[in-house]
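Chemist: here you go, sequence then predicted model.
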Amino acid sequence: MKKLSLSLTFFSIVGLASIANAALADGGAKFLGNITTSSQIRSDMGTYWNQITNENGCKWGTIHSVDNSGKSKFNFNGFDSCENGYKWAKEKPGERHFKFHALIWGSQKPDFLCTAKNPGITVEKTKQYITEWFDAVAAKFPDLEYIDVVNEAIWAGNNYHSGYNKPANGAEGISTDDPSCGGTYIIDALGGDRVVNGKHQYDFVKTAFVMARERWPHAKLIYNDYNTLSWQMNEGIEMIQTLLKNGAPIDFYGQQAHDCKGMSKSDFESKLTKIHNETGLPLLISEYDIGEADDNKQKNDYANQIPFMWETEWIGGITIWGYINGATWAANTGIMEKDGRKRAAMVWLEDYFAKNLDKGKNTTGSITPVEPEPQVPFKGQPFAVPGKIEAEDFDIPGKGRNSDGTTNNSYSEADSENHGDSDYRDGTGVDLYKKATGIIVGYNNEGDWLEYTINVSEAGEYTLFAAVAAAGNTSSLQFSLDEKELTEVISVPAAKSGEENYDDYNKVSANVTLSAGKHILRMTVTGAWFDIDYITLVKGANATDPEPIVEPGTDAIADIHFDKNALQDYYVFDQQGVRLGLLSAYGFKAAAESLKSSSAVKSSGIYYLRSRTTGQMQSVRIAR
């Protein structure tokens, strides 16, 4: 819904005679609904429709204001009363349905969020107001059934579908939806919008869905947008795929369907089927209308399109966006005149439902949710803490979503192509490489993450170490525990050699506080292009690393672990991890010199020495 309808027809829900007639879809498999009319609920609403969406009354900008001190105020019974829509549905629980529209939208948002109208607004204050808004709606309507959580955020044509951005720095676009607003910090306040390999990750949308699931664990959460059956169908599909991959708890993809005028039956059906198949989500027809002055042409579109919506099991319901001609947001979309005369589309609609009510199919609205399956440790048991975690042994993913909105995914990979040379976790798309140290995780894109089930033996302070290698100074990572931030962003330094060398590892570290018991540890890539070999958690803050990385050309490990004057054995590996042989030397430095002078090494490259005594390693560069 792109525009605000301001025409007023003074009907009231209070004091009108109740109409006993059953709605057209009563007793059917799904709802057939409509919206308020010029801010009111008409007396004949229940005669035809068994679901209601307030056209404007539940939108953020309609309800939320602030006083002179900046304190939030909420009015749910004002213009196009959101409360009355909710009460109308509650008059017949189980028969009537209410959809809240909408929690987050780049348009029709509160003026106090606009930088041009409130120069003092900040990211932090915007985040506070968003949280207060969600909390206020949850307190007023704790049992919502359907919620449009986010409206019109698809990135297309160098802009979002509605005016979310400028001056937000989460993405590169310039919004022209509402120049007088000057932009908001909605995107930043909800976590930004990373662009990975040219593709938006819509982090702010995911955050909104997670917040909604926390407050309404049993509601059906909807992402809603327009042009998704025509110009931006593919962009919408990609957005939903990205959000689901990143763990957003979305239940329905809402198709506004304002763009179906003149669309053929086959085209309409094939497009909806494509969207459903490629997103894997059930759909709602959330704002259907046909703006056509010719009664017969409007009726023909209804006849070509409504049956598929009603008779397809993965479409969960239909909301027509206004039914009184002249009191809808767009010209000629009404199917009844103000004097009660029914246009041809309405006559057809009544006849169709009278004859085909039992053809309605729905496995989305009342289906018993599939029980979620938790992710499980890759090797059957959680990693013991204190202890070492091999990066490639991330959890096996589970299925579904939990009641708190968390998913059972165990990894997220922005690029599904496997760029590695190991088939160790074949099919995951995670890029694993064979190195002398074993298998490592490489080709890490910004936004990728891996999760590990850990079991902390004792609560307290720990030092977290990660063995990482990067060619430059722009790489970074961050750790979280049970989806709560555990560390700040940690920079990954470039190779000590100063060259582009992903075999020259460094250790990075952070002090962390852990509680005892099982947890999910997540490593998130915040700056691309580094390799990670393993993670170690050591008891105590600022602890000593039990497995220090050896500086090239030194024998520091020998100094720590054994007598450097004793003769030691060293395995020799090439870059592919193939063991070439065994040599003996008095420390790493002597072993490296011996390897460089050995006639058994025929080609230039990086080779690795592994102490047979300690398991520690050092790289050696050989030129031939």
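Modeler: Here it is on my side, so go on.
Chemist: which residue ranges of the stretch 301-450 of the chain form helices?
Modeler: Secondary structure of the stretch 301-450 of the chain by DSSP state H, counting those that start in this stretch: the helices cover 344-356.
Chemist: show me where it has strands.
Modeler: In the stretch 301-450 of the chain, the strands defined using DSSP state E, counting those that start in this stretch lie at 315-320, 383-385, 387-390, 411-412, 432-435, 438-441, 449-456.
Chemist: highest average neighbour count across those strands?
Modeler: Of these, the one with the most neighbours on average (mean count of other Cβ atoms under 10 Å) is strand 315-320, at a mean of 27. No exception for glycine: its C-beta is placed from N, CA and C like everyone else's.
Chemist: ok, Pro307 touching Phe353?
Modeler: No: when contacts are counted by Cβ atoms under 8 Å, Pro307 is not listed as touching Phe353 (10.4 Å).
Chemist: the two: which is more packed in?
Modeler: Higher neighbour count among Pro307 and Phe353: Phe353, with 20 against 16, using other Cβ atoms under 10 Å.
Chemist: quick one: contacts for the more buried one?
Modeler: Neighbouring residues of Phe353 by Cβ atoms under 8 Å, 6 or more residues apart in numbering: Leu24, Ala25, Gly28, Leu32.
Chemist: top of these by neighbour count?
Modeler: Leu32 (26 neighbours).
Chemist: and that one, what element?
Modeler: Element membership for Leu32, per DSSP states H and E: strand 31-35.
Chemist: next, the angle from that strand to helix 344-356.
Modeler: Using axes from the mean of the first three to the mean of the last three Cα atoms, to 10 degrees, the direction of strand 31-35 lies 160 degrees away from that of helix 344-356.
Chemist: average pLDDT across strand 31-35?
Modeler: Taken as a whole, strand 31-35 has a mean pLDDT of 98.
Chemist: which of the residues in the following helix or strand past it are buried?
Modeler: On the C-terminal side of strand 31-35, the closest following helix or strand by DSSP H and E is helix 45-48. Buried positions in helix 45-48, judged by neighbour count with 16 or more other Cβ atoms under 10 Å: Met45, Gly46, Tyr48.
Chemist: same question for stretch 422-436.
Modeler: Ser422, Arg425, Thr428, Gly429, Val430, Asp431, Leu432, Tyr433, Lys434, Lys435, Ala436.
Chemist: would you format the residues you listed as a markdown table with pLDDT and distance to Ser584 included?
Modeler: Formatted as a markdown table, those follow (pLDDT from 0 to 100; distance: Cβ to Cβ, whole Å):
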| residue | pLDDT | distance to Ser584 |
| --- | --- | --- |
| Ser422 | 82 | 30 |
| Arg425 | 86 | 36 |
| Thr428 | 79 | 40 |
| Gly429 | 77 | 42 |
| Val430 | 88 | 38 |
| Asp431 | 87 | 36 |
| Leu432 | 90 | 32 |
| Tyr433 | 88 | 29 |
| Lys434 | 84 | 26 |
| Lys435 | 81 | 24 |
| Ala436 | 73 | 19 |
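Chemist: turn those into CSV, including distance to Ile41.
Modeler: Shown next, in CSV, are the buried residues of stretch 422-436 (distance: Cβ to Cβ, whole Å):
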residue, distance to Ile41
Ser422, 62
Arg425, 56
Thr428, 51
Gly429, 50
Val430, 53
Asp431, 56
Leu432, 59
Tyr433, 63
Lys434, 67
Lys435, 67
Ala436, 72
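Chemist: so where's this structure shaky on pLDDT?
Modeler: For the chain, applying pLDDT under 70 flags the ranges 1-21, 165-178, 365-372, 400-407, 414-418, 496-501, 548-566, 575-579, 612-617.
Chemist: what segments of it are helices?
Modeler: 45-48, 60-63, 82-90, 123-140, 186-189, 203-215, 233-245, 265-279, 295-311, 344-356, 556-561, 588-597 (DSSP state H).
Chemist: now, of those helices, which is deepest in the fold?
Modeler: For the helices of the chain, the largest average neighbour count (mean count of other Cβ under 10 Å) is found in helix 186-189, namely a mean of 24.
Chemist: so how far is that one off the chain centroid?
Modeler: How far helix 186-189 lies from its chain's middle: 15 Å, per Cα atoms, centre = their mean, to the nearest Å.
Chemist: do stretch 75-83 as well
Modeler: Put simply, stretch 75-83 sits 30 Å off its chain's centre (Cα atoms, centre = their mean).
Chemist: what's the answer for stretch 26-40, then?
Modeler: 30 Å.
Chemist: do stretch 25-38 as well
Modeler: Centroid separation for stretch 25-38 versus its chain: 30 Å, with Cα atoms, centre = their mean.
Chemist: so what would you say the end-to-end distance of that stretch is?
Modeler: End-to-end span of stretch 25-38 (Cα to Cα, to the nearest Å): 23 Å.
Chemist: could you do stretch 331-349 as well?
Modeler: Using Cα to Cα, one end of stretch 331-349 lies 20 Å from the other.
Chemist: contacts for it?
Modeler: Outside stretch 331-349, the residues within contact range by Cβ under 8 Å, 6+ apart are 9, 24, 289-293, 295-296, 298-299, 301-303, 306, 320-328, 350.
Chemist: can you do 7 Å?
Modeler: Stretch 331-349 has contacts (Cβ atoms under 7 Å, 6 or more residues apart in numbering) with 24, 289-293, 295-296, 298-299, 302-303, 306, 321-328.
Chemist: cool, and stretch 502-514?
Modeler: Stretch 502-514 has contacts (Cβ under 7 Å, 6+ apart) with 385, 435, 442, 456, 459-469, 471, 486-487, 490, 492-493, 495-497, 531, 533, 541-542, 545, 548-549, 606, 619.
Chemist: buried ones in it, by neighbour count?
Modeler: Neighbour counts over stretch 502-514 (16+ other Cβ under 10 Å) mark Tyr502, Asp503, Asp504, Tyr505, Asn506, Val508, Ser509, Ala510, Val512, Leu514 as buried.
Chemist: what's the answer for stretch 328-335, then?
Modeler: For stretch 328-335, burial by neighbour count (16+ other Cβ under 10 Å) applies to Thr328, Trp329, Ala330, Asn332, Thr333, Gly334, Ile335.
Chemist: can I get the residues you listed in TSV including distance to Ala212?
Modeler: Shown next, in TSV, are those (distance: Cβ to Cβ, whole Å):
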residue	distance to Ala212
Thr328	28
Trp329	25
Ala330	29
Asn332	35
Thr333	29
Gly334	32
Ile335	32
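Chemist: dump stretch 106-113 to PDB, restricted to CA.
Modeler: C-alpha atoms of stretch 106-113 as PDB (Å, rounded to 0.1, in the frame of the first residue of the first chain):
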ATOM      1  CA  GLY A 106       9.900   3.300   5.500                       C
ATOM      2  CA  SER A 107       6.800   5.400   4.800                       C
ATOM      3  CA  GLN A 108       4.100   6.600   7.200                       C
ATOM      4  CA  LYS A 109       6.600   6.500  10.000                       C
ATOM      5  CA  PRO A 110       6.600   9.000  13.000                       C
ATOM      6  CA  ASP A 111       7.800  12.500  12.100                       C
ATOM      7  CA  PHE A 112      10.100  12.600  15.100                       C
ATOM      8  CA  LEU A 113      12.300  10.000  13.400                       C
END
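Chemist: hang on, Gly517 packs against Ile454?
Modeler: No: the criterion here is Cβ atoms under 7 Å, and Gly517 misses it with Ile454 at 9.4 Å.
Chemist: gap between Gly291 and Ala331?
Modeler: 6 Å (Cβ to Cβ, to the nearest Å).
Chemist: returning to what we had before: any chance of the strands of the stretch 301-450 of the chain in TSV, plus distance to Ala344?
Modeler: Shown next, in TSV, are those (distance: least, Cβ to Cβ, whole Å):
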stretch	distance to Ala344
strand 315-320	15
strand 383-385	67
strand 387-390	67
strand 411-412	50
strand 432-435	62
strand 438-441	62
strand 449-456	54
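Chemist: and the ones you listed: which comes nearest His97?
Modeler: For His97, the closest of these is strand 315-320, at 7.4 Å, according to Cβ to Cβ.
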